[in-house]
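Q: only the shape, not the letters, is given here:
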């Protein structure tokens, strides 16, 4: 059997997409379809059927997938051990899943590190979807993901940063100059950000403390919070401490520690478990880890109404 047919099969199995497979393999979608047709004839099985916008594997495809992936991994391992991955000449495109904060605070340093060693490599950022990221990593849809969540699956991971959370409120809030108790925190109206990937961990810490919070306003982006909070006499928000301290230098905000026990959130770097181009992913994982561990993040672009930049040393 033509080894390229096996590679096409594994790619379609992982991505569930002819389009993504063609991009990953650097061939046309027509070439992927033709390879899949030849493989179907060889194995006398449809292998994949269209369902809900994706290529869903048949029972036979599910049965042979692990063996095909293992075979490819061994072959690629032998080739890469002989030739290695050349970052300086590679023109691969890598996909990294990042939250809004990740894209703002970490992407510039990641790009600088990657581009320095691999000037022809392309980086595509995918919006982090907590409910889907495990599947994306399993199927190789993304190469890396940066998330505070403890993902299921046997993914290689590394804790690259730790960050606490703080409570911010306007300086005109009557509680601004007073100690923030658990009771007061629970009683105050809250604002939340849908793109905050650490929000589920905050909810867990609140539940352990017996606190129930239902936000009365939910915004899509952190940039909407400063003006919203500072112009309210009651509204509060629980946000990463680094951003809170930075905003307090340019906005009339009071910053309080969270009034309940909450360990710092650990930010994890995950790499995909798929078998395609393992040497390249090894290099990317190590390079991104060094970028995240070695420098502070920069959140100066999170401001509103052209307020002065707020620089912060956190994540």
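A: Right, received. Where do you want to start? None of these values were measured; they are calculated from a predicted model. Numbers count the residues shown, from 1 in each chain.

Q: shaky segments in the stretch 51-200 of the chain?
A: Under the criterion pLDDT under 70, the flagged ranges of the stretch 51-200 of the chain are 76-77, 79-84.

Q: which parts of it are strands?
A: Per DSSP state E, counting those that start in this stretch, the stretch 51-200 of the chain carries strands over the ranges 54-57, 93-98, 122-127, 144-147, 157-163, 165-170, 190-193.

Q: which helices and strands sit right next to the fourth one?
A: To tie it back to what came earlier, the one meant is strand 144-147. The contact analysis (3 or more CB pairs under 8 Å, 6 or more residues apart in numbering; DSSP states H and E) places strand 144-147 against strand 93-98, helix 133-139, strand 265-271, helix 278-294. Using the backbone N, CA and C atoms, a C-beta is placed for each residue, glycine as well.

Q: now with 10 Å?
A: Judged by 3 or more CB pairs under 10 Å, 6 or more residues apart in numbering; DSSP states H and E, the packing partners of strand 144-147 are strand 93-98, helix 100-105, helix 107-117, strand 122-127, helix 133-139, strand 157-163, strand 265-271, helix 278-294.

Q: isn't residue 153 up against residue 271?
A: No. Using CB atoms under 10 Å, residue 153 is not in contact with residue 271; the gap is 11.1 Å.

Q: residues bridging contact with those two, i.e. touching both?
A: residue 137 (CB atoms under 10 Å, 6 or more residues apart in numbering).

Q: who's more crowded, the two?
A: Between residue 153 and residue 271, counting by other CB atoms under 10 Å, residue 271 is the more crowded of the two (22 against 13).

Q: so what's the residue count around the nearest residue to the more buried one once chain neighbours are set aside?
A: Distances taken as CB to CB, 6 or more residues apart in numbering place residue 285 nearest to residue 271, at 4.5 Å, with adjacent residues excluded. For residue 285, the count of nearby residues is 19 (other CB under 10 Å).

Q: tell me which residues touch residue 285, please.
A: 143-144, 156-158, 269-272.

Q: return the per-residue confidence for it.
A: With respect to pLDDT, residue 285 scores 94.

Q: also residue 277?
A: Reading off the model, residue 277 has pLDDT 59.

Q: same question, residue 239
A: With respect to pLDDT, residue 239 has a value of 93.

Q: adjacent strands (with direction) for the helix or strand where it lies?
A: Taking DSSP states H and E as the definition, one finds residue 239 inside strand 236-240. Strand pairing for strand 236-240, using DSSP bridges, gives strand 165-170 (antiparallel), strand 190-193 (parallel).

Q: against residue 28, how distant is residue 103?
A: From residue 103 over to residue 28 the distance is 31 Å, taken as CB to CB, to the nearest Å.

Q: one step back: are any of the contacts of residue 285 buried, and which?
A: By neighbour count, with 16 or more other CB atoms under 10 Å, these hold 143-144, 157, 269-272 as buried.

Q: how does the chain divide into domains?
A: Per the record, the chain has its domains at 3-83, 93-160+267-294, 165-257, by automatic domain parsing.

Q: and the last one, how far apart are its ends?
A: What that stands for is domain 165-257. In domain 165-257, first residue to last residue: 7 Å (CA to CA, to the nearest Å).

Q: tell me how far that domain lies from the chain's centre.
A: Here domain 165-257 is found 23 Å from its chain centre; the criterion is CA atoms, centre = their mean, to the nearest Å.

Q: what is the neighbour count of the closest residue to residue 160 other than its chain neighbours?
A: Computed as CB to CB, 6+ apart, the closest residue to residue 160 that is not its neighbour in sequence is residue 292, at 4.0 Å. Look at residue 292: counted by other CB under 10 Å, it has 23 neighbours.

Q: same thing with residue 38?
A: By other CB under 10 Å, the residues close to residue 38 number 15.

Q: next one: residue 213
A: If you count neighbours by other CB under 10 Å, residue 213 ends up with 18.

Q: residue contacts, it?
A: Going by CB under 10 Å, 6+ apart, the list of residues near residue 213 reads 185-190, 192, 202-203, 206-207, 236, 238.

Q: list the contacts for residue 64?
A: Contact partners of residue 64, counting by CB under 10 Å, 6+ apart, are 6, 9, 13, 43, 45, 47, 57.
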